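Enquirer: Below is the sequence, then the predicted model.
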Amino acid sequence: DRDRVTATMIEEELLFSQRRLDRERATSNAVAAATGEVDEAARAAIVAEVVNVLEQSCAKAGPDEVWEHRHGGLLLTAAFASQGLFDTAAIESGARMATESLTHSESRIREQSGLTLAALAAAAVEAGSGCGVYTTYCGPVILAGIRDNLERGDDVVEVDLKDKLKKRLQPTKPMGVDEILHQSAGWKNLETSCKALLEIAKAVGERFAVHVTPELLELITRTLSHTNRFVRETGFQICAELSTLVHSCPDDTPNVDRAGFDRTMSALVSSGLADNWSQVRMAASIAARKFLMSLQPADRTQFYPLFLPPTALNRYYVAEGVRLYNQATWREVVGNAGQQLVEDHIGSIVPFYISQANAANHAVREAACACIAELGLKVRTEAVGAFVPQMLDILIECFKDESWPVRDAACIALGRFIQGFPEEARGRLPELYELFFLHVCDNIWSVRENAAVALGAVVQTYGAESFAIVEPKLIEFLPGAKEQPAGSKKNAGLTNTTTFGVAGAFGWAGDEDAVIAVAGEAGSGAAGARRFIPLGELGPSFSDQQMFSCGSLAPKLKRKGGCMDCGYLRPQEPWDRSDGAVYLLRELSKDYPEQMTALLPTLADVTRLRNFEHHFSLLETVWKQLPVVAVAVGKKRFKPHLEPFLEPLHYSLLCQNKLAQFAAEACVGAIAKLVGPSILRGRVENCDPRFVDAFDAAIASAEHHNRH
């Protein structure tokens with residue numbers, strides 16, 4: 001009868017299937033049957049059969065073993081233990097066999113063994129059986145698995161992995177085989193042993209606090225500085241769990257030294273907040289919040305010098321999960337006292353920001369620049385004043401970075417610092433002017449705009465003396481597009497020397513037809529013409545090239561001496577100067593309306609240039625900024641210069657470039673609102689009656705958008 005019952009309850013064909021989905025389905029069916037309407041004798045028979053299945057699957061060790069069989073047995077055991085179906089004898093049998101599987105050659109078996117042991121440990125605690133699953137069975141094996149595998153030997157498997165990597169990497173690989181293998185490959189039993197420890201700590205809860213010994217903390221310390229990112233990530237997950245359970249256990253728990261634990265854990269967790277890998281940084285961020293929130297508010301303050309600087313920086317980190325999580329942590333931990341706490345700990349925050357601005361990871365340098373800019377904007381001058389020279393030095397260095405987002409962030413920060421500390425920055429102005437002027441002509445539009453904003457802040461700060469330096473450059477840059485060679489192509493000369501994250505020489509990627517669209521040759525037809533090339537005909541530069549799934553393995557963009565000595569190489573083109581000058585004209589028009597009005601004819605001339613493909617980008621910029629300029633200089637000054645812009649506006653309203661078209665439509669609506677629709681319509685009729693319909697449609701569309 002027992003065989004009949006268990007045969008219907010445990011579907012071994014599914015449980016031992018090669019498909020995990022089948023094994024999980026068999027497990028669910030067996031649990032449902034055992035928890036359904038069966039008598040105690042039948043339930044006991046099923047439990048005994050589960051233990052028997054695990055014993056049989058674990059007995060078939062060796063080269064002929066089918067690992068899926070053992071995995072099915074462990075999965076079934078974990079499910080039954082989680083449902084409270086195991087007695088003490090079954091828990092002990094399952095713990096013994098699951099412990100043996102912790103050193104299995106298959107990583108999926110080792111990982112499931114940890115999960116099964118966690119379920120058994122929780123079942124033992126729930127039943128109050130006193131079965132020390134961790135102490136008696138798996139604890140020594142787990143600790144040995146961590147201790148004995150911190151270093152990696154050149155066994156047969158590793159040699160094979162290295163050979164495969166060597167075949168796949170380019171000769172000009174950015175990293176060595178050993179470095180990639182150590183950072184990203186599995187690390188024998190080390191990672192799975194750490195995961196097993198984590199799962200058991202979660203399952204047992206505060207009862208695990210007695211096992212947080214100096215030996216355990218020493219092993220965790222070594223995992224957090226390990227070269228392999230997966231090991232570090234799991235290590236910080238363990239720290240998060242230990243922080244909670246140590247502070248939630250009763251005060252009289254033996255072997256628990258909370259003060260010593262807090263000192264050790266604070267140093268360990270805070271170090272991970274500056275890890276190069278986003279996943280590790282995220283795990284450390286979770287551990288940091290759990291550690292801080294496990295303390296009483298009065299007890300947290302002693303650890304602020306360690307946690308406030310990296311948490312503040314991570315609010316600007318490029319990875320969205322890390323950024324949002326640390327923003328929430330900041331709000332939860334410091335509340336509305338953020339500014340005061342930053343000022344109180346400025347001595348630890350500024351050195352940390354400066355160190356991060358020198359980091360090898362360009363994304364970290366970008367975040368550091370944003371944080372330094374925040375200090376200049378939100379913190380009182382008296383608090384940060386002593387550190388201004390150091391921060392100016394590092395921002396100027398970042399302004400010469402080869403990563404354009406870093407230059408962009410440094411540009412914004414410098415503009416704010418000059419406004420906040422004009423006298424301290426005065427001695428660096430000659431160098432800063434040179435950098436600002438160079439970046440107003442940068443090949444990245446946001447860098448051009450932010451450089452113009454920073455120059456506007458400089459002129460506003462120093463007044464006439466600064467305007468006398470900036471105005472000649474504006475007059476020089478504005479007509480720059482007139483020098484743009486006829487028939488030039490967008491992204492001409494663009495080369496990719498960084499391998500990761502940068503467009504190649506031709507930037508229009510193909511679609512499902514497996515072709516790549518490239519600009520037509522000079523004189524090949526109308527502007528914007530494309531020709532399509534099959535990917536197979538693109539040559540060796542476009543095939544068999546190394547790719548990266550994560551930026552942390554890609555070549556790093558590092559700081560160099562020249563401000564444009566960068567990995568994203570495209571020579572500055574004449575139209576870049578005009579585009580940047582438009583932003584600069586916008587920034588100066590409010591304080592110097594007469595001088596900027598005098599430049600409107602030159603701006604109108606630039607909008608008539610159509611001999612190069614990216615004139616649409618320039619037109620888009622002009623139409624977005626012209627209404628701002630018009631309002632700043634005033635209606636009276638602007639109206640006499642309106643007519644020269646009408647024909648270029650009409651051209652943009654009817655062009656095929658949607659960005660330029662929409663920008664022109666919004667510009668027409670804004671000008672109509674400024675001077676009056678009837679006046680604008682009269683000017684259009686005087687210019688060319690054929691333009692009226694397009695302008696009327698643009699005005700109507702703008703009014704519709706404004707109403708809705």
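Expert: Okay, I see it. Numbering: from 1, shown residues only.
Enquirer: And His615, how far from Ala468?
Expert: Going from His615 to Ala468 by CB to CB, to the nearest Å gives 32 Å. (Glycine included, C-beta is placed from N, CA and C.)
Enquirer: Please say which of the two ends up with more neighbours.
Expert: Taking His615 and Ala468 together and counting by other CB atoms under 10 Å, His615 has the greater number of neighbours (27 against 11).
Enquirer: Leaving out the residues flanking it, which one is nearest to the more buried one?
Expert: Distances taken as CB to CB, 6 or more residues apart in numbering place Leu609 nearest to His615, at 5.7 Å, with adjacent residues excluded.
Enquirer: do the same with Leu619
Expert: Ala660 (4.7 Å).
Enquirer: Run through the neighbouring helices and strands of whichever strand or helix holds Ile200.
Expert: Per DSSP states H and E, Ile200 falls inside helix 189-204. Helix 189-204 is packed against helix 107-127, helix 139-147, helix 229-248, with contacts defined by 3 or more CB pairs under 8 Å, 6 or more residues apart in numbering; DSSP states H and E.
Enquirer: Kindly reformat the ones you listed as TSV containing mean neighbour count, distance to Ser101 and mean pLDDT.
Expert: Formatted as TSV, those follow (neighbours: other CB atoms under 10 Å; distance: least, CB to CB, whole Å; pLDDT from 0 to 100):
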stretch	mean neighbour count	distance to Ser101	mean pLDDT
helix 107-127	23	4	94
helix 139-147	18	10	93
helix 229-248	23	19	93
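Enquirer: contacting residues for the residue most central in space within the chain?
Expert: Central residue of the chain (CA atoms, centre = their mean): Ala319, 1.8 Å from the mean position. Contact analysis of Ala319 by CB atoms under 8 Å, 6 or more residues apart in numbering lists Ser278, Arg281, Met282, Ala363.
Enquirer: and which of the residues you listed is nearest Ile91?
Expert: Checking the contacts of Ala319 against Ile91 by CB to CB gives Met282 as the nearest, at 34.6 Å.
Enquirer: For that closest one, give its distance to Asn326.
Expert: Note on Met282: its distance to Asn326, by CB to CB, is 9 Å.
Enquirer: Which two among the contacts of Ala319 are spaced furthest apart?
Expert: Spatial extent of the contacts of Ala319 (CB to CB) is set by the pair Met282 and Ala363 at 13.8 Å.
Enquirer: residues in contact with the closest residue to Val133 other than its chain neighbours?
Expert: The shortest distance from Val133 to any non-neighbouring residue, by CB to CB, 6+ apart, is to Ala121 (4.1 Å). Ala121 makes contact with Ala95, Val133, Tyr134, Ile200, Ala203, Val204, according to CB under 8 Å, 6+ apart.
Enquirer: same thing but at 10 Å, please
Expert: 81, 91, 95, 131-135, 137-139, 199-205, 207-208 (CB atoms under 10 Å, 6 or more residues apart in numbering).
Enquirer: Next, count neighbours for Arg331.
Expert: By the measure other CB under 10 Å, the count of residues near Arg331 is 12.
Enquirer: Confirm for me that Ala598 is in contact with Pro640.
Expert: No: look at Ala598 against Pro640 with CB atoms under 10 Å: they stay out of range, at 11.3 Å.
Enquirer: from the contacts of Ala319, which ones fall inside helices?
Expert: Ser278, Arg281, Met282, Ala363 (DSSP state H).
Enquirer: still on that earlier bit, what's the first helix or strand after the helix holding Ile200?
Expert: Defined by DSSP H and E, the subsequent element after helix 189-204 is helix 214-224.
Enquirer: Pull out the buried residues from that next one.
Expert: Leu216, Leu217, Leu219, Ile220, Thr221, Thr223, Leu224 (16 or more other CB atoms under 10 Å).
Enquirer: just to revisit the earlier point, name the element the residue nearest to Leu619 belongs to?
Expert: helix 658-675.
Enquirer: elements contacting that helix?
Expert: Contacts defined by 3 or more CB pairs under 10 Å, 6 or more residues apart in numbering; DSSP states H and E place helix 658-675 against helix 615-633, helix 635-638, helix 646-654, helix 677-687, helix 692-707.
Enquirer: Find the nearest non-adjacent residue to Glu343, please.
Expert: Nearest residue to Glu343, sequence neighbours excluded (CB to CB, 6+ apart): Ala383, at 4.0 Å.
Enquirer: Settle this for me: Asn358 is touching Val364, isn't it.
Expert: Yes: in this structure, Asn358 is within contact of Val364 by CB under 10 Å, at 9.3 Å.
Enquirer: Comparing those two, which residue is more hemmed in?
Expert: A count of neighbours by other CB under 10 Å puts Val364 above the other of Asn358 and Val364, at 24 against 13.
Enquirer: element containing the nearest residue to that one once chain neighbours are set aside, please.
Expert: Of all residues not flanking Val364 in the chain, Gln356 sits nearest, at 5.3 Å (CB to CB, 6+ apart). Assigned by DSSP H and E, Gln356 belongs to helix 346-357.
Enquirer: How about that helix, which residues are buried there?
Expert: Of the residues in helix 346-357, Ile346, Ile349, Val350, Phe352, Tyr353, Ile354, Gln356, Ala357 count as buried by neighbour count, 16+ other CB under 10 Å.
Enquirer: quick one, what contacts the first one?
Expert: Taking CB under 10 Å, 6+ apart as the contact definition, Ile346 lies against Pro309, Leu375, Val379, Arg380, Ala383, Val384, Gly385, Ala386, Phe387.
Enquirer: and if you look at the second one?
Expert: For Ile349, the residues meeting the contact criterion (CB under 10 Å, 6+ apart) are 304-305, 308-310, 312-313, 341-343, 371-372, 375, 379, 384, 387.
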